[in-house]
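**Q** generate a structure from the sequence data that follows.
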Amino acid sequence: MQKEVKPYNSLGSKKKQVADMFNNIAVWYDFLNRFLSLGIDKTWRRKAIELLRDKNPQFILDVATGTADVALETAHRLQPERIIGVDISAEMLNIGRSKISKKGMTHIIELREGDSENLPFKDNTFDAITVAFGVRNFENLEAGLSEMYRVLKIDGQLVVLEFSRPRIFPIKQIFQLYFRYILPFIGNWTSHDSRAYSYLYESVQAFPEGEKFLNILQKTGYKKYQCKTLTFGICSVYSAEK
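**A** This is a model prediction of the structure:
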């Protein structure tokens, strides 16, 4: 069984704690993403989005949309008719809406507060679903994947971008040092949330990456599932179809 890692303590639901954590760090989130990843996170998102190009999806759901980086990049690169982004953090969504408005994308992208395990959409609604750095925050991973499967159209595509653990020396050792000690120090110094970036490290360690995640995709009904590692295994992009 997957070990449950929570941002703050063992009491209370993971879902509530994750929402509180992202509300706390929302104003720093975009800056820290760029700074702490040296901008590589933008390349990861683009590569994930490009996996959808052949399908030419017109109605897309972005789960754990945060500040709408993936939704905006998807709108720019694939030019779909409509994108809906859902997230449990109201503060992240507020920042995302501001970015969407500044880009003149309000006619394409809509953000809603919502839960990945209880999506307010009918069966077989979306041509594609994206999740970037969000599935390891699900309280119940299988429930979230099953719910996304439900609202995905037949032959629709799911693309998941998530951190993974590199295995190659010395990348593995550098990754461990950076994620376990340096990143939490910088994150705490800027965002003043002492747990948010320690939780990042802990949640990555606990996440069932690679073949284990593909097995969960299979268990929840997906087909044509595959995994590709990026940047020496620091990140992985998963693709599957309904």
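
**Q** longest strand anywhere in the chain?
**A** strand 152-163 (DSSP state E).

**Q** can you list the buried residues in that strand?
**A** Leu152, Lys153, Gly156, Gln157, Leu158, Val159, Val160, Leu161, Glu162, Phe163 (16 or more other CB atoms under 10 Å). For glycine as for every other residue, the C-beta is placed from the backbone atoms N, C-alpha and C.

**Q** want to throw those into TSV with distance to Asp115 and pLDDT?
**A** Listed next are the buried residues of strand 152-163 as TSV, based on distance: CB to CB, whole Å; pLDDT from 0 to 100:
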residue	distance to Asp115	pLDDT
Leu152	17	98
Lys153	21	98
Gly156	20	98
Gln157	22	98
Leu158	17	98
Val159	20	98
Val160	17	98
Leu161	20	97
Glu162	19	96
Phe163	22	92
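
**Q** hmm, which two among those residues are most spread apart?
**A** Across the buried residues of strand 152-163, no pair lies farther apart than Lys153 and Phe163, at 28.3 Å, counting by CB to CB.

**Q** Thr229 and Tyr238 touch, don't they?
**A** No - look at Thr229 against Tyr238 with CB atoms under 8 Å: they stay out of range, at 10.3 Å.

**Q** pick out whichever of these two has more residues nearby.
**A** Comparing Thr229 with Tyr238 by other CB atoms under 10 Å, the one with more neighbours is Tyr238, at 24 against 15.

**Q** and that one, helix, strand or coil?
**A** Classification of Tyr238 using DSSP: H, G, I helix; E, B strand; the rest coil returns strand.

**Q** in the chain, which spans are strands?
**A** 59-63, 82-87, 109-113, 126-132, 152-163, 223-230, 235-241.

**Q** switch these over to a markdown table; also include distance to Leu200.
**A** Shown next, in a markdown table, are these (distance: least, CB to CB, whole Å):
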| stretch | distance to Leu200 |
| --- | --- |
| strand 59-63 | 18 |
| strand 82-87 | 17 |
| strand 109-113 | 22 |
| strand 126-132 | 14 |
| strand 152-163 | 8 |
| strand 223-230 | 17 |
| strand 235-241 | 13 |
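
**Q** quick one: closest of the ones you listed to Asn94.
**A** Of all these, strand 109-113 comes closest under CB to CB, at 8.8 Å.

**Q** okay, now the sheet partners of that closest one, with direction.
**A** strand 82-87 (parallel) (DSSP bridges).

**Q** would you mark the buried spots in the partner strand?
**A** Ile83, Ile84, Gly85, Val86, Asp87.

**Q** contacts for that strand, please.
**A** Outside of strand 82-87, the residues within contact range by CB atoms under 8 Å, 6 or more residues apart in numbering are 22, 58-66, 68, 70-71, 74-75, 93, 96, 108-116, 119, 121.

**Q** quick one, that strand and strand 126-132 angle?
**A** 40 degrees (axes from the mean of the first three to the mean of the last three CA atoms, to 10 degrees).

**Q** and strand 82-87, C-alpha only, in CSV?
**A** Extracted in CSV, the C-alpha atoms of strand 82-87 (Å, rounded to 0.1, in the frame of the first residue of the first chain):
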residue,chain,number,x,y,z
ARG,A,82,-12.0,25.1,-24.8
ILE,A,83,-10.0,24.2,-21.7
ILE,A,84,-11.4,23.8,-18.2
GLY,A,85,-8.9,23.8,-15.3
VAL,A,86,-9.9,22.5,-11.8
ASP,A,87,-8.0,22.9,-8.5
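
**Q** what angle separates it from strand 59-63?
**A** Using the same axes, to 10 degrees: strand 82-87 against strand 59-63 is 10 degrees.

**Q** now strand 82-87: mean pLDDT?
**A** Across strand 82-87, the average pLDDT comes to 98.
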